[in-house]
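Chemist: Predicted model and sequence below, questions to follow.
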Amino acid sequence: MKRILTAAALAATLLPAAARAQTLTAAGATFPAPLYTRWFAEYRAAHGVAVNYQAIGSGGGIKNLQEMTVDFGATDGPMSDAEMAAARGGQVLHIPTTLGAVAVTYNVPGVAGGLKLTPEVIASIFNGTLRGWDDARIRALNPGVALPHRPVLVAHRSDGSGTTYIFTDFLSSASAMWRRTIGTGKSVSWPVGLGGRGNEGVAGIVKQTPGSIGYVELAYANQNRLPVAAIRNRAGQFVMPTTESTTAAAAGVAVPANSDLRISIVNGPGANAYPISSFTWIITYADVRDNAKARQIRDFLTWAVHEGQRFGPALDYAPLPAAIVAADEAKIRLIH
């Protein structure tokens, strides 16, 4: 029996390959997931291309890209040299897509907001050496605040996480003690605490557990109506996480010649800079090995670093500096 093609099916066979690739698959970071969800909806409506994104954490995004089971990945902590060397598809490109803040959020009965913390105090809490909310070190930073006599309960990520990378990168930069004992990583050996999967998991633990403290991307704290701490920055100022203070952290970012864009901005200079700020990256291969998908990835990323930036502030993400947009454009042109 001869196969009868409908008009639509016949038209599809006559389209160039680039026009037929209408779905991309991706996985990774939960940190930018609220923004990415908006982006993918807007992009599909405008351009007819769907992105099937699984927010499984940065570690999962890197692993999926390495194994070539997705068209692109997403991570909040840049891949290490070893991770890139293990990628099966060759050269990996890092494309910064937006700026976000990691908030230190807490659930302390009687303390509705306005808590101030230093990097040293945060490090002592998360390494288990500061155990009570009425500890003299916290009281000294917060005169007049009625801190309860109850234990501090730590919440941290249980999965490989770019949010953990940003948080521990900040603590390693600002606290010599943390740098010596625990260090920086997407996963670290937590001495104390409960683990939650994804930013939503940590936010859930904090919301449901009186006396708890955790770290989450700012949008998750705001969505769950959780208070966030003001953190002392390198200039000695206590700064709240906001779009404006995140933008201040990226002000004057110098992009070195031939940079691969794996750039850290934690604990940066500036009186108004929030110190736990970071870029987040989409990671993709330079050689996509499929002309249709290569074009779709290039087109989407070009849209994201230009038109897509306007959706960030309403969701607590800061737009990219012009220097990073220009550097992104050069990287995107390498995708073939």
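Modeler: Nice, thanks for sending it over. Note that the structure is predicted; figures quoted are calculated from it, not measured. Numbers count the residues shown, from 1 in each chain.
Chemist: Which parts of this protein are strands?
Modeler: Ranges of strands in the chain, per DSSP state E, are 23-28, 50-55, 72-75, 92-107, 116-117, 153-157, 194-196, 212-217, 230-232, 238-239, 277-285.
Chemist: now the angle from the first one to strand 277-285?
Modeler: An angle of 130 degrees separates the directions of strand 23-28 and strand 277-285 when computed by axes from the mean of the first three to the mean of the last three Cα atoms, to 10 degrees.
Chemist: Now strand 23-28: buried residues?
Modeler: Using 16 or more other Cβ atoms under 10 Å as the burial criterion, the residues of strand 23-28 that qualify are 24, 26, 27, 28. Backbone N, C-alpha and C define where each C-beta goes, glycine included.
Chemist: OK, contacts around the second one?
Modeler: Listed by Cβ atoms under 8 Å, 6 or more residues apart in numbering, the contact partners of residue 26 are 51, 52, 53, 54, 61, 70, 71, 72, 73, 74, 282.
Chemist: let's see it at 10 Å
Modeler: Residues in contact with residue 26, defined by Cβ atoms under 10 Å, 6 or more residues apart in numbering, are 36, 40, 51-55, 61, 64-65, 70-74, 282-284, 297, 300.
Chemist: Check the third one too.
Modeler: By Cβ under 10 Å, 6+ apart, the residues touching residue 27 are 52-58, 60-65, 69-74.
Chemist: Check the last one too.
Modeler: With contacts defined as Cβ under 10 Å, 6+ apart, residue 28 is in contact with 36, 53-65, 70, 72-76, 162, 280-283.
Chemist: Of those, just the buried ones, PyMOL syntax please.
Modeler: In PyMOL syntax, the buried subset of the contacts of residue 28 is picked out as below (16+ other Cβ under 10 Å):
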select buried, resi 36+53+55+56+57+58+59+60+61+62+63+64+65+70+72+73+74+75+76+162+280+281+282+283
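Chemist: possible to save the buried residues of strand 23-28 as CSV with pLDDT and distance to residue 328?
Modeler: Listed next are those as CSV, based on pLDDT from 0 to 100; distance: Cβ to Cβ, whole Å:
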residue, pLDDT, distance to residue 328
24, 98, 18
26, 98, 17
27, 98, 21
28, 96, 17
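Chemist: quick check, nearest of those residues to residue 233?
Modeler: residue 28 (28.3 Å; Cβ to Cβ).
Chemist: which residues does the residue lying closest to that closest one once chain neighbours are set aside contact?
Modeler: Distance criterion Cβ to Cβ, 6 or more residues apart in numbering; nearest residue to residue 28, sequence neighbours excluded, is residue 61 at 2.1 Å. The contact partners of residue 61, by Cβ under 10 Å, 6+ apart, come to 26-30, 53-55, 70, 72-76, 79, 160, 162, 281-283.
Chemist: ok, now residue 199?
Modeler: 29-34, 55, 57, 76, 102-103, 157, 161-163, 214-221, 223-224.
Chemist: Residue 279 now?
Modeler: 32, 76, 78, 94-100, 166, 250, 253, 261-265, 318, 320-321, 324.
Chemist: PyMOL command to pick out the buried ones of those residues?
Modeler: The following PyMOL line selects those of the contacts of residue 279 that are buried, judged by 16+ other Cβ under 10 Å:
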select buried, resi 32+76+78+94+95+96+97+98+99+100+166+250+253+261+263+264+265+318+320+321+324
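Chemist: tell me the pLDDT at residue 258?
Modeler: For residue 258, the pLDDT comes out at 87.
Chemist: Could you list the low-pLDDT ranges of this structure?
Modeler: Low-confidence segments of the chain, defined by pLDDT under 70: 1-21.
Chemist: which stretches of it form helices?
Modeler: 7-14, 17-20, 33-47, 58-66, 81-85, 119-126, 136-141, 162-174, 176-181, 198-208, 218-223, 243-250, 291-305, 322-332 (DSSP state H).
Chemist: Pretty sure residue 318 is one of the things residue 324 touches, is it not?
Modeler: No: the pair residue 324 / residue 318 is not scored as a contact, 11.0 Å apart, by Cβ atoms under 10 Å.
Chemist: what do those two both touch?
Modeler: 98, 99, 250, 279.
Chemist: any idea how far the third one is from residue 313?
Modeler: It refers to residue 250. Distance of residue 250 to residue 313, computed by Cβ to Cβ, to the nearest Å: 14 Å.
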